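Fold the stuff below for me.
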Amino acid sequence: MERNELLIAEIKRVGILPLYYHDDMVVCVNIAKALYKAGIRSIEFTNRGKQALKNFEFLVAERNSNMPELKLGVGTIKSGAEVNIFTNAGADFLVSPFFDVDISDAAYLNKMLWIPGCMTPKEIHTAHQAGYELIKLFPGDVLGADYVKAILPLFPGLSFMVTGGVDATEKNLKTWFNAGVAAVGMGSKLITADIVKYKNFTTLEINVKEAMRLVQEIRAVK
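Purely as a prediction, here's the structure:
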């Protein structure tokens, strides 16, 4: 599917997939706008709160009006029913913390890009056999960069995005990208509690630009 391939290519191009959730829809939009101004074109809005669907629909409307190049994904998808709900709400792609056949089937029927989460080689193999080429490794802080290095030779042709335990320092980003990941998912280490609390969205934009610069610099010298 050309559309899904383009989405994967964009995530890999930037190398950072920001992810977040907030109950306040205005905060959600301001975070998205700061990320967009920084150059981010793909965001994972996590399905982790009672306002998730309502706020996501609000984000989609704002994106359609003011951020036309932005691709909005939904994370923490845990059932086929949620695939249908968020597809109908306007999601461009979906992300899960695990591999699940029902989610896979629903995503396929909706022609939706789904990034499954895996932890073990068997789970990665199952996802690969099901046709997935971009795999989320989760939780990254448990698995570690050495794990990435160990599994890469086992799965040639697959791309991995690590989420959990990734922060915006040069040392940490270098550890992951030198291990071979194609992208990193970044949540509270990028969109920090203080940024959200004090609504320092300009600071967020600056920090994201710097993180993107570091990723490109690290890749250039690999």
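
Tell me where the protein has helices.
2-14, 25-38, 52-66, 80-88, 101-109, 121-129, 140-143, 145-151, 170-179, 193-198, 201-220 (DSSP state H).

With distance to I115 as added columns, please give these in JSON lines.
Bear in mind the C-beta positions are built from the backbone N, C-alpha and C, glycine included. As requested, the helices of the chain are exported to JSON lines (distance: least, C-beta to C-beta, whole Å):
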{"stretch": "helix 2-14", "distance to I115": "8"}
{"stretch": "helix 25-38", "distance to I115": "18"}
{"stretch": "helix 52-66", "distance to I115": "17"}
{"stretch": "helix 80-88", "distance to I115": "12"}
{"stretch": "helix 101-109", "distance to I115": "10"}
{"stretch": "helix 121-129", "distance to I115": "9"}
{"stretch": "helix 140-143", "distance to I115": "14"}
{"stretch": "helix 145-151", "distance to I115": "16"}
{"stretch": "helix 170-179", "distance to I115": "16"}
{"stretch": "helix 193-198", "distance to I115": "24"}
{"stretch": "helix 201-220", "distance to I115": "18"}
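
want to throw those helices into JSON lines with distance to V95 and mean neighbour count?
Converted to JSON lines, the helices of the chain look like this (distance: least, C-beta to C-beta, whole Å; neighbours: other C-beta atoms under 10 Å):
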{"stretch": "helix 2-14", "distance to V95": "10", "mean neighbour count": "15"}
{"stretch": "helix 25-38", "distance to V95": "16", "mean neighbour count": "19"}
{"stretch": "helix 52-66", "distance to V95": "13", "mean neighbour count": "17"}
{"stretch": "helix 80-88", "distance to V95": "11", "mean neighbour count": "19"}
{"stretch": "helix 101-109", "distance to V95": "10", "mean neighbour count": "17"}
{"stretch": "helix 121-129", "distance to V95": "13", "mean neighbour count": "15"}
{"stretch": "helix 140-143", "distance to V95": "14", "mean neighbour count": "16"}
{"stretch": "helix 145-151", "distance to V95": "18", "mean neighbour count": "16"}
{"stretch": "helix 170-179", "distance to V95": "17", "mean neighbour count": "17"}
{"stretch": "helix 193-198", "distance to V95": "21", "mean neighbour count": "12"}
{"stretch": "helix 201-220", "distance to V95": "19", "mean neighbour count": "16"}
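
could you dump the ones you listed to TSV with distance to F160 and mean pLDDT?
Below are those laid out as TSV (distance: least, C-beta to C-beta, whole Å; pLDDT from 0 to 100):
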stretch	distance to F160	mean pLDDT
helix 2-14	10	96
helix 25-38	22	98
helix 52-66	26	98
helix 80-88	22	98
helix 101-109	18	98
helix 121-129	8	97
helix 140-143	10	96
helix 145-151	6	97
helix 170-179	9	97
helix 193-198	28	97
helix 201-220	15	98
